[in-house]
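Q: Okay, sequence plus prediction incoming.
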Amino acid sequence: PRVNGFAGLLLMVVALFLTRNRASILGLLAAGLLFLFKKIWENRKWRIYGIAGALIALLAFVYVYGGNTRSLGSRLTTWQSSVEIIREAPVFGYGPESFDVLFERFVRPDFFKFEDYKNLVDRPHNEFLQMWIDFGLGGAFLYLGLLAALLLLLCRPSRRVAILSLTMIALLVSNWFSFSLPTHYALVAVFLALIVAETGRKKKIVFKNALVAKGIASVLIVLAGLNGFWASRMAMGDYELARAFFSVAKNNIEIADQSLQRALKLNAVYADTSKSAYDLYYSLATTFADTKWLEKAAETNALFQKVTHNSLYSLLNEARMWALLKDYKKAEELYQRIAETKGINPVFYEEWANMYVDAAQYDKAAAVYDELFAILPLDWQAPLLSKGAELTREQRIFWKNHGSFLETLDKALKAYVATGQVEKAAKIVEAVK
């Protein structure tokens with residue numbers, strides 16, 4: 001049994017390292033170091049093995065993963081923004097799943113040095129900060145209390161309790177650099193139940209009052225039923241959404257419209273559904289130049305704004321529709337409102353400046369392009385105009401994901417030339433030579 005157990009553990013560790021998930025590997029290393037510390041505390045003969053093992057593990061981690069600092073830089077700037085978010089409501093927090101909208105306002109300019117400029121993170125990638133933001137001081141103390149309890153359980157003589165506690169600690173440490181999924185919560189519940197069963201509390205729970213037992217069973221059945229009902233609605237909504245996109249590909253536009261409406265009814269509070277439905281309706285509006293689809297896009301985006309509490313992208317969608325209708329005044333007012341209420345974001349500046357070029361307001365466009373290029377990552381500066389030139393990995397990723405940025409550069413050149421800022425236009429051309 002010991003050989004089989006060790007072989008299974010070794011197989012899982014190798015598989016974990018092959019995933020190259022640094023957060024999980026750090027969690028495993030932290031659990032291993034705590035295990036060595038426990039052994040040293042119990043038996044001083046383990047001291048040399050513990051120190052050597054810790055040094056080897058840390059050196060191996062730095063050697064394998066130390067060259068990539070992009071991920072760490074992204075997390076550090078995100079954590080700084082998270083601390084600023086907490087300062088505004090440290091006691092009560094903001095409620096669950098609120099980080100993505102909050103982050104739009106608190107994002108720091110250096111964030112875009114590490115992440116794609118069109119994708120903001122929706123979580124702080126730190127479970128402790130996430131709990132504090134969502135549930136205030138209560139959530140922060142609950143998290144720290146769980147960690148402290150697990151560390152105290154390591155002092156118990158029971159080897160099984162120690163292993164269960166170390167497993168939980170490994171998960172918590174890994175989520176200092178990541179976030180939990182439903183599967184993680186299920187594992188937490190299972191391991192906590194096992195720990196309780198192993199800490200000497202092996203008395204069976206007996207409900208002498210049959211009414212209490214039936215009441216608890218009824219609540220559990222109702223909760224399971226609601227969970228199944230909600231999950232089935234989400235699955236049906238996702239199916240209708242996928243069916244709509246496939247129908248558009250086959251030019252069955254009316255069927256696509258019917259599927260989108262059913263998806264919106266099934267998942268009315270699911271932001272991804274309303275966002276995807278808007279994208280499809282807006283695409284139909286621009287393809288067929290039909291106000292019918294633009295009206296449906298506006299209705300869907302209104303739902304998207306309601307669900308996300310006027311998120312950045314929901315407001316940009318509205319501004320984009322006003323620009324499509326050539327009502328540049330209303331589009332400008334909305335962009336100015338976004339500038340006042342949302343944080344720095346290259347996507348916002350890009351769309352705002354492009355709108356000014358479409359409206360032939362080149363002086364305003366040039367001013368906004370200045371803001372854009374001041375915070376935009378330099379990955380766009382690739383030798384696109386030089387034959388046989390090699391692009392860096394970051395440049396290839398940028399242009400693979402943002403081929404339409406060429407249109408933005410073209411409009412920026414037009415704005416700078418029209419306003420007599422030829423030097424700035426020349427720098428753009430030189431940057432892609």
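A: Alright, I've got the coordinates.
Q: Any idea how many residues pack against R156?
A: 15 (other Cβ atoms under 10 Å). To be clear about C-beta, it is placed using only N, CA and C from the backbone, and glycine gets the same treatment.
Q: That one and T199 touch, don't they?
A: Yes - counting by Cβ atoms under 8 Å, R156 does reach T199; the two are 7.3 Å apart.
Q: Heading C-terminal from the worst-scoring helix or strand of the chain on mean pLDDT, find the next helix or strand.
A: Sorting the helices and strands of the chain by mean pLDDT, DSSP states H and E puts helix 47-65 at the bottom, at a mean of 62. Where DSSP states H and E defines the elements, the next helix or strand beyond helix 47-65 is helix 70-88.
Q: Quick check: mean pLDDT of whatever helix or strand comes next after that next one?
A: Using DSSP H and E, the helix or strand that follows helix 70-88 towards the C-terminus is helix 99-106. Taken as a whole, helix 99-106 has an average pLDDT of 88.
Q: How far off centre is the very next helix or strand once past helix 99-106?
A: Next helix or strand after helix 99-106 toward the C-terminus (DSSP H and E): helix 127-153. Counting by Cα atoms, centre = their mean, to the nearest Å, helix 127-153 is centred 21 Å from the centre of its parent chain.
Q: Same question for stretch 291-311.
A: 23 Å.
Q: got it, and stretch 420-430?
A: 36 Å.
Q: Which residues does it contact?
A: 366, 370, 385, 409, 412-413, 416-417 (Cβ atoms under 8 Å, 6 or more residues apart in numbering).
Q: So among those, where is pLDDT lowest?
A: L385 (79).
Q: ok so, going back, quick one, which of the contacts of stretch 420-430 are buried?
A: 366, 370, 409, 412-413, 416 (16 or more other Cβ atoms under 10 Å).
Q: Tell me the one of those nearest V357?
A: Among the buried ones among the contacts of stretch 420-430, A412 lies closest to V357 (Cβ to Cβ), at 8.0 Å.
Q: can the buried ones among the contacts of stretch 420-430 go into JSON lines with extra columns for secondary structure and distance to A224?
A: Formatted as JSON lines, the buried ones among the contacts of stretch 420-430 follow (DSSP: H, G, I helix; E, B strand; the rest coil; distance: Cβ to Cβ, whole Å):
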{"residue": "A366", "secondary structure": "helix", "distance to A224": "60"}
{"residue": "D370", "secondary structure": "helix", "distance to A224": "57"}
{"residue": "L409", "secondary structure": "helix", "distance to A224": "55"}
{"residue": "A412", "secondary structure": "helix", "distance to A224": "56"}
{"residue": "L413", "secondary structure": "helix", "distance to A224": "60"}
{"residue": "Y416", "secondary structure": "helix", "distance to A224": "62"}
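Q: now, which of those sits nearest F288?
A: L409 (28.6 Å).
Q: got the contact list for that closest one?
A: 380, 428, 432.
Q: Could you dump the residues you listed into CSV with distance to N21, neighbour count and pLDDT added?
A: Listed next are the contacts of L409 as CSV, based on distance: Cβ to Cβ, whole Å; neighbours: other Cβ atoms under 10 Å; pLDDT from 0 to 100:
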residue, distance to N21, neighbour count, pLDDT
W380, 30, 21, 89
I428, 39, 18, 93
V432, 36, 16, 87
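Q: Return the subset of those residues lying in helices.
A: Applying DSSP state H to these, the entries found in helices are I428.
Q: gap between the longest helix along the chain and the chain center?
A: When the chain is parsed with DSSP H, its longest helix is helix 210-249. Mean-position distance between helix 210-249 and its chain equals 24 Å (Cα atoms, centre = their mean).
Q: isn't F111 right next to L76, touching?
A: No - shown here, F111 and L76 do not form a contact pair, counting by Cβ under 8 Å, at 9.7 Å.
Q: ok so, going back, check the contacts of stretch 420-430 against Y239 and report the nearest one.
A: The nearest one, if we look at the contacts of stretch 420-430 relative to Y239 and count by Cβ to Cβ, is L409, at 39.9 Å.
Q: what about F111 and L76, which has more around it?
A: Taking other Cβ under 10 Å, F111 and L76 do not tie; F111 has more neighbours (25 against 14).
Q: what about the more buried one, distance to F128?
A: 20 Å (Cβ to Cβ, to the nearest Å).
Q: excluding its backbone neighbours, what's nearest A162?
A: L154 (5.5 Å; Cβ to Cβ, 6 or more residues apart in numbering).
Q: neighbours of that neighbour, just the number please.
A: Neighbours around L154, by other Cβ under 10 Å: 17.
Q: Give me the phi and psi angles of it.
A: phi -60, psi -20 (degrees, to the nearest 10).
Q: same thing with L385?
A: phi -90, psi 0.
Q: Wait, it touches L406, no?
A: No - look at L385 against L406 with Cβ under 8 Å: they stay out of range, at 11.0 Å.
Q: quick revisit: any chance of JSON lines for the buried ones among the contacts of stretch 420-430, columns distance to L266?
A: Output for the buried ones among the contacts of stretch 420-430, formatted as JSON lines (distance: Cβ to Cβ, whole Å):
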{"residue": "A366", "distance to L266": "46"}
{"residue": "D370", "distance to L266": "45"}
{"residue": "L409", "distance to L266": "41"}
{"residue": "A412", "distance to L266": "42"}
{"residue": "L413", "distance to L266": "46"}
{"residue": "Y416", "distance to L266": "48"}
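Q: Nearest residue to I338 in space, ignoring adjacent ones along the chain?
A: Closest to I338 by Cβ to Cβ, 6+ apart is L315, at 5.3 Å.
Q: State the distance from the one you found to S274.
A: 14 Å.
Q: who has more neighbours, these two?
A: More crowded of L315 and S274, by other Cβ under 10 Å: S274, with 26 against 22.
Q: Name the nearest residue to the more buried one, ignoring sequence neighbours.
A: F304 (4.0 Å).
Q: Just the mean pLDDT for the strand or helix carrying the one you found, thanks.
A: According to DSSP H and E, F304 maps onto helix 291-308. The average pLDDT for helix 291-308 rounds to 93.
Q: Any stretches of the protein with poor pLDDT?
A: 1-6, 9, 13, 16, 19-20, 39-68, 200-213 (pLDDT under 70).
Q: L171 sits in which helix or strand?
A: Going by DSSP H and E, L171 is in helix 159-174.
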